[in-house]
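Colleague: next one to model:
(one chain, ligands or ions: 1)
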Amino acid sequence: MEMTLRWFGKDFDTVSLRQIRQIPGVTGVITTLYDTTPGEVWSRERIHALREEVEAQGLHISGIESVNVHDSIKIGTPDREQYIDNYIETLKNLGEEDIHLVCYNFMPVFDWTRTELARVRPDGSTVLAYTQAAIDALNPETMFASINKDANGAILPGWEPERMAVIKELFEMYKDVDEEKLFENLKYFLEGIMPVCNRYDIKMAIHPDDPAWSVFGLPRIIINLENIKRMMNMVDDPHNGVTFCAGSYGTNRKNDLPGMIRALKGRIHFAHVRNLKFNSDDDFEEAAHLSSDGSFDMYEIMKALYDIKFDGPIRPDHGRMIWGEIAMPGYGLYDRALGATYLNGLWEAIDKSERK
Ligand code: DNO
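Modeller: Sure thing, here's the model as predicted:
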């Protein structure tokens with residue numbers, strides 16, 4: 001595996017490449033062109049410039065998170081053809097710049113959903129949290145207003161103001177899209193892009209729906225092993241794989257995380273590893289990466305990745321806000337650096353004991 005950190009680009013991130021370079025064992029970044037909109041072609045020039053910027057700091061681009069999929073593709077409207085062509089063009093440009101991993105999601109309307117961005121934990125750190133009761137009491141617009149207020153001035157991925165301005169229309173457009181339709185549209189999209197993925201050896205890594213169930217009545221499909229298998233079988237190509245996000249699949253306590261990792265051997269192209277602390281089945285908050293701070297056994301998660309000989313990028317995921325840092329919720333430097341170091345430590349220990 002390769003330890004990496006997500007980086008949103010110099011105009012959007014409070015963390016610099018220089019700082020990332022100094023986290024022991026982190027050799028690559030997972031990045032994006034954050035100012036592009038879904039459906040837009042990423043030019044070869046911009047990708048090249050991004051690559052040069054990263055490489056100038058002694059790092060490299062380990063993958064893209066995300067190339068977002070336009071709603072027309074998810075909904076299946078006739079203009080999807082144009083957007084799939086654009087996506088193919090972006091993949092080609094990424095391939096020509098020697099980038100071979102793309103994380104994306106197929107969630108309708110929203111990306112991830114949390115009901116609090118700064119819940120205070122007993123140690124005084126603040127974290128993202130979710131309660132079903134809060135979702136049930138809100139509608140999408142009021143929720144956006146509350147998210148926006150706690151975002152520390154950052155634009156959160158999936159919660160861009162221009163999308164929220166048209167949220168009612170977006171919901172309306174999805175009204176006939178149920179789970180079956182969403183699967184069908186995902187298949188159509190994947191079939192369209194697999195040839196370019198094969199040509200440039202680009203691994204597509206779908207990110208799970210977070211939380212792993214329907215919110216606000218919208219269909220969600222990438223939520224458990226059964227559905228992932230369905231997704232992989234319907235377009236059976238090794239380039240059609242997954243981002244194993246422990247924190248997203250782990251929102252559903254029925255998901256056996258190490259068991260899922262083992263069952264997905266060969267098709268996990270990217271891993272997000274983080275911990276959650278459950279206060280009840282319907283209320284969880286994000287914890288430090290350390291097992292004892294939350295509800296997951298992080299050793300077992302890393303061991304499963306080790307056992308399947310996972311050789312793709314891993315990144316610590318959302319971190320807590322600690323030591324007075326002000327950053328995009330979940331994406332500060334300090335706690336993610338602690339997370340990376342802890343995960344590297346687990347990996348080293350597993351590796352040494354396995355080699356004995
Ligand atoms: C949240 C992230 C997601 C993820 C996208 C992938 O912090 O894990 O926004 O990047 O769902 O497309």
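Colleague: going forward, measure contacts and count neighbours with C-alpha atoms only.
Modeller: Noted.
Colleague: after the helix or strand that residue 4 is a member of comes which helix or strand?
Modeller: Assigning secondary structure by DSSP states H and E places residue 4 in strand 2-6. Beyond strand 2-6 on the C-terminal side, the first helix or strand identified by DSSP H and E is helix 17-21.
Colleague: beta partners for the closest residue to the ligand within the chain?
Modeller: The minimum distance from the chain to the ligand, using Cα to the nearest ligand atom, falls at residue 104 (3.6 Å). On the basis of DSSP bridges, residue 104 is bridged to residue 206.
Colleague: about what we covered before: can the strand holding residue 4 be found next to the ligand?
Modeller: No. With Cα under 6 Å from any ligand atom as the criterion, the ligand is not reached by strand 2-6; the gap is at least 9.0 Å.
Colleague: circling back: for residue 115, see how far away the residue of the chain closest to the ligand is.
Modeller: Computed with Cα to Cα, to the nearest Å, the distance linking residue 104 and residue 115 is 22 Å.
Colleague: likewise residue 264?
Modeller: Distance of residue 264 to residue 115, given as Cα to Cα: 30 Å.
Colleague: quick one: the helices in the stretch 1-150 of the chain, in order.
Modeller: Per DSSP state H, counting those that start in this stretch, the stretch 1-150 of the chain has helices spanning 17-21, 44-56, 71-75, 80-96, 132-137, 140-149. These are given in chain order.
Colleague: how many neighbours does residue 153 have?
Modeller: By the criterion of other Cα atoms under 10 Å, residue 153 has 12 neighbours.
Colleague: so who does it touch?
Modeller: With Cα atoms under 8 Å, 6 or more residues apart in numbering as the criterion, the residues that contact residue 153 are residue 328.
Colleague: coming back round to it: report the separation between the residue of the chain closest to the ligand and residue 70.
Modeller: Relative to residue 70, residue 104 is positioned 11 Å away (criterion: Cα to Cα).
Colleague: what's the answer for residue 95, then?
Modeller: According to Cα to Cα, residue 95 stands 20 Å off from residue 70.
Colleague: what bridges to the nearest residue to residue 114 once chain neighbours are set aside?
Modeller: If the residues on either side of it in the chain are set aside, residue 114 comes closest to residue 130, at 4.9 Å by Cα to Cα, 6 or more residues apart in numbering. Using DSSP bridges, the beta-bridge partners of residue 130 come out as residue 284.
Colleague: quick check, pLDDT for residue 130.
Modeller: For residue 130, the pLDDT comes out at 96.
Colleague: correct me, but it touches residue 281?
Modeller: No. Counting by Cα atoms under 8 Å, residue 130 sits too far from residue 281 to count as a contact (10.4 Å).
Colleague: who has more neighbours, those two?
Modeller: With neighbours defined as other Cα under 10 Å, residue 130 and residue 281 compare such that residue 130 has more, 21 against 11.
Colleague: who's in contact with residue 356?
Modeller: For residue 356, no residue counts as a contact, taking Cα under 8 Å, 6+ apart as the criterion.
Colleague: okay, it and residue 349: tell me how far apart.
Modeller: 11 Å.
Colleague: same thing with residue 49?
Modeller: From residue 49 over to residue 349 (counting by Cα to Cα), the distance is 38 Å.
Colleague: just residue 90 next, same as before
Modeller: Distance from residue 90 to residue 349, by Cα to Cα: 39 Å.
Colleague: how about residue 205?
Modeller: Taken as Cα to Cα, the spacing of residue 205 relative to residue 349 amounts to 27 Å.
Colleague: again with residue 95
Modeller: 35 Å.
Colleague: the two: who's more crowded?
Modeller: For the pair residue 95 and residue 349, the greater number of neighbours falls to residue 95 (19 against 13), based on other Cα under 10 Å.
Colleague: show the contacting residues for the nearest residue to that one once chain neighbours are set aside.
Modeller: For residue 95, the nearest residue in space outside its immediate sequence neighbours is residue 200; the separation is 5.2 Å by Cα to Cα, 6+ apart. With contacts defined as Cα under 8 Å, 6+ apart, residue 200 is in contact with 92, 95-96, 100.
Colleague: want to throw the residues you listed into CSV with distance to the ligand?
Modeller: As requested, these are arranged in CSV below (distance: Cα to the nearest ligand atom, whole Å):
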residue, distance to the ligand
92, 19
95, 19
96, 22
100, 16
